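Engineer: model the structure of this input:
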Amino acid sequence: MKQVRRIGMFGGSFNPVHNAHINLASSFIKKLKLDKLLLIPTAVPPHKSDSEMVSAEHRMNMCKLASEDHKKIEVSDIEIKREGKSYTVDTLRQIREMYPEAEIYLIMGADMFMTLLDWKEPEEIFSLAVICTVPRNSDDLESLTEKEKAYREMGAETVILDLKKSNISSSKIRKLVFDDEVFSKFVDPRVEQYIYANYLFMDKSKINYERFDKVLKARMSDKRYIHSFNVSTEAQKLAKKYGADVEKARLAGILHDITKETSGNEQLKIIENSNIILNDVERPSPKLWHAIAGAAFVRDVMGIDDEDVFNAIRYHTSGRANMSILEKCVFIADFIGAERDYDGVDEMRALSGKSLEEAMAFGLSFSISDLAKRHCAIDPNSLACYNEVVIKTNKSYNKSK
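Structural biologist: Sure thing, here's the model as predicted:
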C-alpha cells in the first residue's frame, strides 16, 4: 500500500457540492502534489443551523458522485460519524492519528481564512496543518496576503493559490433549484440527477409539472416514464367522465409509480421514515411496497399533502374497500395505459367506458387469479375491494334484468 506523505483536508457543508469545489480540490492536488485529498462533509457546522442543510447522507452521496472520476479525492464521513458540531481542530487531530507521518494541508475558502482566529483553538490548527486558500476575486488577494503575514508571525505555514475566479456558490445553486431555473452547468450531471431524484432544495409549495418531468426522468427508465404519462392521461379521461377532480387525477397518475424502480431497501426506508407500518401481507410482498412508498414520498418528500392524491397512489396496486372515484380512476388507468398490451386489455378498456365498478372487478379478478396461481399471498385490501365491487355490479345486473 502506497504511503500517504501529503494529504489534503477540504471540509464544508457541500450543500450541494458543485464544480468549483471539485476544481479547487483538483488544483490543490496538482499544485501541492498531494497523495490524497479528503473531502469531508460536515455534520453540523458551528456557523450554520440544521434547517439550512439537507441530510448528511444526501450531502455525502452527492460528494461521492461528484468525485467519482477523481482518483485522489476520497469522501470521508469522519465528521458525520462524530455527530454534533464539527470543529476543524478535532478533525485535524483525528487525521493526524490516521496519518501520523503525513504532512496535512487544510484547504478553505477566503472567508474562512480571514476569520481563522475566531475558530476553536486556532494556534493548534496552525501546528497541525498548512493553511491553504484561494481569493474569491481580484480584490481579495491583498487582504489575504496581509492576513497570511499575521498568521506566519504566529508560526503558521500558509499557501495562497491564485486560481481563475468562479462565481459558483451552493446558495446560488439552491436558489436556482428552488426557482426552477437551470443549474446544470454548475454541478456534475450525476449530482443534478440526484438533486431531482431526491427532490432536494425545491419549492414544495407549488405544483410544477416541468419539475415533475425532470424528477421522473431522474428516478425511472424511459419505459416507466412513458407509462406514467399514459396513466395520467387515462386517469384524467376517467375523472372527467365519472366526476372526479381532473387535476388530482393528472397529479396522482403522473406520480403513481415514482418509487417503482427504487430499490426494495430504499422503498422500505421511505416507508419507515414516514412511520407507516406494513401489515403481515404487505411486509413479505415487495411488489406492494412501491405504491406505499410512492404515496409516502409524494407526501413527505415532495410536500404534496393531499389525502385524495395520497390514497390514489397508495392503493393503485391493491385497491381497497370504499375507494373514492379518484382512487378508482387511477387504479383502472394503471391497467389501460396506451402502452398496455396484455390479453384482456381491450375488454378492460371497454368496461372502463361503461362502469368503474365493472372495470375494477375485471382488473381485480385478473390480479387475484394471477397471485393465486403463483401461490402468493393476497392483500386483504384487494379481497375487500373485489367483494365490494362484485356485490355492487351483481346488484346492478339483477336490477336490470
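Engineer: report the buried residues of the helix or strand hosting residue 210.
Structural biologist: Residue 210 is part of helix 209-219 when elements are defined by DSSP states H and E. Using 16 or more other C-beta atoms under 10 Å as the test for burial, helix 209-219 gives 211-212, 214-216, 219. Heads up, the C-betas are built off the backbone N, CA and C, glycines and all.
Engineer: could you confirm residue 283 falls within a strand?
Structural biologist: No. Residue 283 sits outside any strand when classified using DSSP: H, G, I helix; E, B strand; the rest coil, being coil.
Engineer: for residue 268, see how far away it is.
Structural biologist: 9 Å (C-beta to C-beta, to the nearest Å).
Engineer: those two: which is more packed in?
Structural biologist: In this view residue 283 and residue 268 are compared by other C-beta atoms under 10 Å, and residue 268 has more residues nearby, 18 against 14.
Engineer: who does residue 8 bridge with?
Structural biologist: residue 37, residue 105 (DSSP bridges).
Engineer: you'd agree it is up against residue 27?
Structural biologist: No. Residue 8 is beyond contact range of residue 27, at 10.6 Å (criterion: C-beta atoms under 8 Å).
Engineer: wait, doesn't residue 135 sit right on residue 160?
Structural biologist: Yes. The pair residue 135 / residue 160 is scored as a contact, 7.2 Å apart, by C-beta under 8 Å.
Engineer: shared neighbours of these two, anything?
Structural biologist: Counting by C-beta atoms under 8 Å, 6 or more residues apart in numbering, the shared contacts of residue 135 and residue 160 are 141, 144.
Engineer: can you give me the domain boundaries for this protein?
Structural biologist: As assigned by automatic domain parsing, the chain contains the domains 6-167, 220-400.
Engineer: residue 186 is nearest to which of the ones you listed?
Structural biologist: Closest approach to residue 186 among the domains of the chain is made by domain 6-167 (5.2 Å; C-beta to C-beta).
Engineer: what about the closest one, distance to the chain center?
Structural biologist: 26 Å (C-alpha atoms, centre = their mean, to the nearest Å).
Engineer: show me what counts as buried in the helix or strand harbouring residue 94.
Structural biologist: Residue 94 is part of helix 88-98 when elements are defined by DSSP H and E. When burial is assessed from 16+ other C-beta under 10 Å, helix 88-98 yields the following buried residues: 88-92, 95-96.
Engineer: also stretch 148-165?
Structural biologist: Buried residues in stretch 148-165 (16+ other C-beta under 10 Å): 148, 151, 156, 158-160.
Engineer: sorry, back to before: and the helix holding residue 210, what other elements does it pack with?
Structural biologist: helix 189-197, helix 222-242, helix 246-255 (3 or more C-beta pairs under 8 Å, 6 or more residues apart in numbering; DSSP states H and E).
Engineer: which of those helices sits most buried?
Structural biologist: helix 246-255 (a mean of 23; mean count of other C-beta atoms under 10 Å).
Engineer: just the C-alpha atoms of that one, please, in CSV.
Structural biologist: Provided in CSV are the C-alpha atoms of helix 246-255 (Å, rounded to 0.1, in the frame of the first residue of the first chain):
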residue,chain,number,x,y,z
VAL,A,246,-59.4,16.0,-13.1
GLU,A,247,-56.3,17.9,-11.8
LYS,A,248,-55.8,15.5,-8.9
ALA,A,249,-56.2,12.6,-11.4
ARG,A,250,-53.4,14.2,-13.5
LEU,A,251,-51.2,14.6,-10.5
ALA,A,252,-51.8,11.1,-8.9
GLY,A,253,-51.5,9.5,-12.4
ILE,A,254,-48.2,11.0,-13.2
LEU,A,255,-46.6,10.3,-9.8
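Engineer: give me the residues contacting that helix.
Structural biologist: With C-beta under 8 Å, 6+ apart, helix 246-255 has contacts from 207, 209, 212, 216, 228-229, 231-236, 238-240, 294, 298, 302, 304, 306, 308-309, 312-313, 316, 326, 329-330, 333.
Engineer: by how many degrees do that helix and helix 222-242 diverge?
Structural biologist: Counting by axes from the mean of the first three to the mean of the last three C-alpha atoms, to 10 degrees, helix 246-255 points 160 degrees away from the direction of helix 222-242.
Engineer: distance of residue 96 relative to residue 102?
Structural biologist: Residue 96 is 8 Å from residue 102, by C-beta to C-beta.
Engineer: ok, residue 264 next?
Structural biologist: 41 Å.
Engineer: between these two, who's got more neighbours?
Structural biologist: For residue 264 versus residue 102, the count of surrounding residues by other C-beta under 10 Å is larger for residue 102: 17 against 12.
Engineer: wait, doesn't that one sit right on residue 9?
Structural biologist: No. Contact criterion C-beta under 8 Å: residue 102 and residue 9 do not qualify, at 10.3 Å.
Engineer: so what's residue 10 closest to, chain neighbours aside?
Structural biologist: residue 107 (4.3 Å; C-beta to C-beta, 6 or more residues apart in numbering).
Engineer: pLDDT at the one you found, what is it?
Structural biologist: pLDDT for residue 107: 97.
Engineer: what of residue 48?
Structural biologist: 53.
Engineer: just residue 392 next, same as before
Structural biologist: pLDDT, residue 392: 88.
Engineer: list the helices and strands the helix or strand where it lies packs on?
Structural biologist: For residue 392, the host element (DSSP H and E) is helix 380-400. Secondary-structure packing of helix 380-400 (3+ C-beta pairs under 8 Å, 6+ apart): helix 356-373.
Engineer: packing partners for the helix it packs on?
Structural biologist: Short answer (3+ C-beta pairs under 8 Å, 6+ apart): helix 356-373 packs on helix 325-336, helix 345-352, helix 380-400.
Engineer: which one of those has the most crowded surroundings?
Structural biologist: helix 325-336 (a mean of 25).
Engineer: give me the contact list for it.
Structural biologist: Helix 325-336 is contacted by residues 231-235, 238-239, 242-245, 248-249, 252-253, 256, 308-309, 311-313, 315-317, 319-320, 323, 345, 348-349, 352, 356-357, 359-360, 363 when judged by C-beta under 8 Å, 6+ apart.
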